[in-house]
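In: Below are the sequence and a predicted model; questions follow.
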Amino acid sequence: MSTEFACLTLIAGRALRDELFDFLSEQSDLVSGFTASDAAGHGPDVRLQTSAERVKGHADELMVRTILRVQAAAQLLERLKAAFVGSRIVYWVTPVSEFGVIDLPNR
């Protein structure tokens, strides 16, 4: 079992927010937590779904990041691909050289 960590980044339309959050929360064997933020999608392959997005010139999207073991990232991607067929979720995986939590010292 590998002890190397990876960061899995997902970019999805904001309409998928609740469904994606629920899905990730259900994957507790792989995902211990995640961070999400709003993002603005730009580029020729980005679909502007609403008139507001067309006026702004970017898609309202969601960025989700989770740190997990490399093997767990591969397993999670397989599950995502099966559960979100046709959703156009963009993803990438990057290596993480160190991962931890800075906490209060023991008293």
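Out: Now that the structure is in, tell me what you want to look at.

In: For the top strand by length along the chain, enumerate the helices and strands it packs against.
Out: Determined from DSSP state E, the single longest strand within the chain is strand 59-69. Secondary-structure packing of strand 59-69 (3 or more CB pairs under 8 Å, 6 or more residues apart in numbering; DSSP states H and E): strand 5-13, helix 17-26, strand 35-41, helix 51-56. Glycine gets a C-beta too; all of them are placed from N, C-alpha and C.

In: For this structure, name the helix or strand with the lowest mean pLDDT.
Out: When each helix and strand of the chain is scored by mean pLDDT, DSSP states H and E, helix 51-56 comes last, with a mean of 66.

In: looking at the sheet around A39, what are its partners?
Out: Beta-bridge partners for A39, by DSSP bridges, are E61.

In: Distance of it relative to V96?
Out: Distance, A39 to V96, by CB to CB, to the nearest Å: 20 Å.

In: again with V85
Out: 28 Å.

In: again with A6
Out: In terms of CB to CB, A6 sits 6 Å off from V96.

In: Common neighbours of the two, please.
Out: Shared contacts of A6 and V96, defined by CB atoms under 8 Å, 6 or more residues apart in numbering, comprise I67.

In: Which one's more surrounded, those two?
Out: A6 (22 against 14; other CB atoms under 10 Å).

In: Identify the residues contacting the more buried one.
Out: Here A6 is in contact with I67, L68, R69, V70, A73, V93, T94, P95, V96 (CB under 8 Å, 6+ apart).

In: in the sheet, who's paired with it?
Out: If you apply DSSP bridges, the partners that A6 bridges to are L68, P95.
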